[in-house]
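>>> Give me a model of this one.
(chains A and B)
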There are 2 protein chains.
Amino acid sequence: MLADDSPGINISSLTAGQFDTVYNLFSLVIASMLFTAIYLLLSQRRVAARYRNAVVVSAIVCGIAAYHYFRIFANFQESYPAGTTIAAVHPLSNIVFNEAYRYVDWLLTVPLLLIETVAVMALGREVQRSLLRKLVPASALMILLGYPGEIAASTGTRAIWGAISTIPFIFILYILFVELSKSLDRQPPEVRTSIKRLRIALLALWGVYPIAFLFPVIGGDFFGGANGFVLRQAGYSIADILAKAAYGLVIYKIARTKSRLEDPQYDEDLDEGPGNRPDPGRTLKESTPAPV
Amino acid sequence: MLADDSPGINISSLTAGQFDTVYNLFSLVIASMLFTAIYLLLSQRRVAARYRNAVVVSAIVCGIAAYHYFRIFANFQESYPAGTTIAAVHPLSNIVFNEAYRYVDWLLTVPLLLIETVAVMALGREVQRSLLRKLVPASALMILLGYPGEIAASTGTRAIWGAISTIPFIFILYILFVELSKSLDRQPPEVRTSIKRLRIALLALWGVYPIAFLFPVIGGDFFGGANGFVLRQAGYSIADILAKAAYGLVIYKIARTKSRLEDPQYDEDLDEGPGNRPDPGRTLKESTPAPV
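Numbering: from 1, shown residues only, chains lettered A, B, ... in the order given. As a prediction, the model looks like this:
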């Protein structure tokens, strides 16, 4: 019973369906992270030099996540090996399912996500430095304070650490929504828009983690026990895909758009191209009689 | 019996011949996908900047498929281990043969295949955006609706989900064959031709999947049971090679041809002679200074 009630202690067994769901989600995350990382690395030359660091950091974030999900995937198979038949429950083995992989991943990737976000804003060097001096330590602290709650045997302890780690999260929001706003007026309009969109996206995406974190505290048949475990893994996995891979692609898209607006050489539609190129025929007619 | 009749439940055993056929096909797919991906990545600089994204996305599609076939290959070996002798049947182990890998793969690659197709057409930015806003969600929905049918224990359920997932497929065809046609007139002839060829290829290649999907519904000794399993895996595997690797190479070929026609710097084969290609650059120089 204890094993089922306490999120910090591994669930004693998963049904074949529960196992398959988590197993397939983990594989989906690996594929999403790995190939988003590769795509972003291959596409960095398509953005102006000043935005390349934002795109490369986005790729690194996805690469770090891919590494950790390879570990999580293998660890999950070891912790919940198949039963006697394909339909049998997967009992917990002697190998713990190691939630720490996620926190090590977040400890590295969450500060990097803030760095890529500030980098793509292309603020002045001074503004950028002072922002990151506050955001990076706060985000690392937020993750470190969440971990004791994740592995806590009692839901009470989980809730307490969850609450404590919310303090740096609120500080991060304060920096992004209050302090950053002061420097917004000095930004060109399209930059202002993208900054506003980005921080809203961060708030929405990062909001999924505390919700998944709290499933075991909500408890009950649905949010507690094995179901709660599956839901929490699903919540973390989908949140990771959105907050890292999808978010990285948005960072890339913003960098592409800004590059195009600021430097025509990045606007490939302005190149001579089907449907877009200046029609040489017409140019000829305007200048000289068309040669027959 | 149940195991043999129900595609959703794993086949209880495969003959040595059946196992080897599937095993070798999976390895063929891995080799095709992995090295098509590498070839396309290495060749992206041989196409004009505006077509590189189409080539890179084609490479990513093959890479994602390669990842999933590595998983499928290993999973297949675990699910049907060798019998007591090399001639003995391969009995189903306690590890389920996970059809979900295919659906996770398709969930990622099918929208990307539509993106690479639209990207190589080099339509205006607006046309492209409005097309993808419809095509990408529809294609993801098509895959998601097919999965419940794939894992269904009864062929009836399989047929129903198959029918439902056909609706977004028809919508995709409508967009490609009706909506897209409206913007065709505004395209130069060579683009019009390649668009028409591409969508015919998509229709033909994607048509293989529903056929393989329906083998168990057709049933009988040939399309049902272990034979049906082998046929379905063969159908999916060959369709994947054609719709991803071969299709990606066609995308690359189109991008190469267009690059050569539009920009002489990509025409390395100078023996063709300048007469064989339009040279708007020179015509302009002779008549008027090139407009900036």
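
>>> low pLDDT regions in the stretch 1-150 of chain A?
Judged against pLDDT under 70, the low-scoring parts of the stretch 1-150 of chain A cover residues A:1-9.

>>> Just the strands from it, written as ranges.
Defined through DSSP state E, counting those that start in this stretch, the strands belonging to the stretch 1-150 of chain A, from first to last, are A:13-14, A:90-91.

>>> Parallel or antiparallel, which strands does the first one pair with?
As defined by DSSP bridges, the strand partners of strand A:13-14 come to strand A:90-91 (antiparallel).

>>> Quick one: list the elements packing against the helix ranked longest in chain A.
Longest helix in chain A by number of residues (criterion: DSSP state H): helix A:49-79. Contacts of helix A:49-79 with other secondary structure elements, assessed using 3 or more C-beta pairs under 8 Å, 6 or more residues apart in numbering or on different chains; DSSP states H and E, are made with helix A:16-43, helix A:100-121, helix A:247-262. No exception for glycine: its C-beta is placed from N, CA and C like everyone else's.

>>> Format these as CSV; extra columns: mean neighbour count and distance to chain B.
As requested, the helices and strands packed on helix A:49-79 are arranged in CSV below (neighbours: other C-beta atoms under 10 Å in any protein chain shown; distance: least, C-beta to the nearest C-beta, whole Å):
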stretch, mean neighbour count, distance to chain B
helix A:16-43, 21, 4
helix A:100-121, 21, 19
helix A:247-262, 21, 9
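
>>> Looking at those, which is nearest to A:P91?
Counting by C-beta to C-beta, A:P91 lies closest to helix A:16-43 out of the helices and strands packed on helix A:49-79; the figure is 10.4 Å.

>>> what inclination does the closest one have with respect to helix B:16-43?
The directions of helix A:16-43 and helix B:16-43 differ by 30 degrees, with axes from the mean of the first three to the mean of the last three C-alpha atoms, to 10 degrees as the criterion.

>>> could you redo the strands of the stretch 1-150 of chain A as a markdown table and give each row distance to B:I30?
Converted to a markdown table, those look like this (distance: least, C-beta to C-beta, whole Å):
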| stretch | distance to B:I30 |
| --- | --- |
| strand A:13-14 | 30 |
| strand A:90-91 | 28 |
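
>>> so of the ones you listed, which one's packed in deepest?
Here the criterion is mean neighbour count by mean count of other C-beta atoms under 10 Å in any protein chain shown, and of the strands of the stretch 1-150 of chain A the winner is strand A:13-14, at a mean of 22.

>>> sorry, back to before: for A:S237, find the nearest of the helices and strands packed on helix A:49-79.
Here helix A:16-43 is closest among these (C-beta to C-beta), at 4.6 Å.

>>> and the helix or strand hosting A:I211 with helix A:100-121, angle?
Remark: A:I211 resides in helix A:208-218, with elements defined by DSSP states H and E. On the basis of the same axes, to 10 degrees, helix A:208-218 is oriented at 150 degrees to helix A:100-121.

>>> Give me the mean pLDDT for helix A:208-218.
Summarised as a single mean, pLDDT over helix A:208-218 is 84.

>>> now do stretch A:266-281
The predicted confidence, averaged over stretch A:266-281, sits at 49.

>>> dump the residue contacts of A:S58.
A:S58 is in contact with A:L40, A:E116, A:Y247, A:G248, A:L249, A:I251, A:Y252, counting by C-beta atoms under 8 Å, 6 or more residues apart in numbering or on different chains.
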